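Colleague: Coordinates for the following, if possible.
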Amino acid sequence: MKKVVAFVFLLTLSGCTQTNSKEFKEIVDVKSLSKIDVIDGRNGKRYSLKEDKQQFVDLLTERIYKKMKHHEKTKGYIYHANLFSDEKEFSITFLDDGIEINDIYYSLNKPITENEISDLLE
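Modeller: From the prediction side, this is the model:
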């Protein structure tokens, strides 16, 4: 009986540790972000965030990212952002049901709404 309980415990433990969920900081190096450029896809207006980029980063770090296995290529967007970290650039497209980061699609535990982004850009 003890062996069965131990086996179930280990099986549960291994299942919990094998996840493809990530935090934003595991995908993008947020410590060295120098600039964020945001494009409004509805009107083409561009925003550049340098000093006030922390609120934008906070919006992204408040979620859990789970890699999607299959997703059709996005044809349009409401908001798109380029994040510059040292010499790396991260391309982010905000979708209704998730987010695309450097051509990898993620579902979010809490969607990022159009209003949340527009409030940060005003």
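Colleague: only C-alpha atoms for contact and neighbour calcs from this point on.
Modeller: Fine.
Colleague: continuing past the least confident helix or strand in the chain by mean pLDDT, what's the next helix or strand?
Modeller: Scoring the helices and strands of the chain by mean pLDDT, DSSP states H and E places helix 2-17 at the bottom, with a mean of 46. Counting by DSSP states H and E, the next helix or strand C-terminal to helix 2-17 is strand 21-23.
Colleague: Who are the packing partners of that following strand?
Modeller: Secondary-structure packing of strand 21-23 (3 or more Cα pairs under 8 Å, 6 or more residues apart in numbering; DSSP states H and E): strand 64-67.
Colleague: quick one: buried residues of the strand it packs on?
Modeller: Ile64, Tyr65, Lys66, Lys67 (16 or more other Cα atoms under 10 Å).
Colleague: Now do the contacts for the first one.
Modeller: So the one you mean is Ile64. Ser21, Lys22, Glu23, Phe24, Leu108, Asn109, Lys110 (Cα atoms under 8 Å, 6 or more residues apart in numbering).
Colleague: Show me what the fifth one is bridged to.
Modeller: So that's Leu108. Applying DSSP bridges to Leu108 gives these bridge partners: Tyr65.
Colleague: I'd like the buried residues of strand 64-67 laid out as TSV, including pLDDT and distance to Tyr79.
Modeller: Listed next are these as TSV, based on pLDDT from 0 to 100; distance: Cα to Cα, whole Å:
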residue	pLDDT	distance to Tyr79
Ile64	96	20
Tyr65	97	18
Lys66	96	20
Lys67	94	20
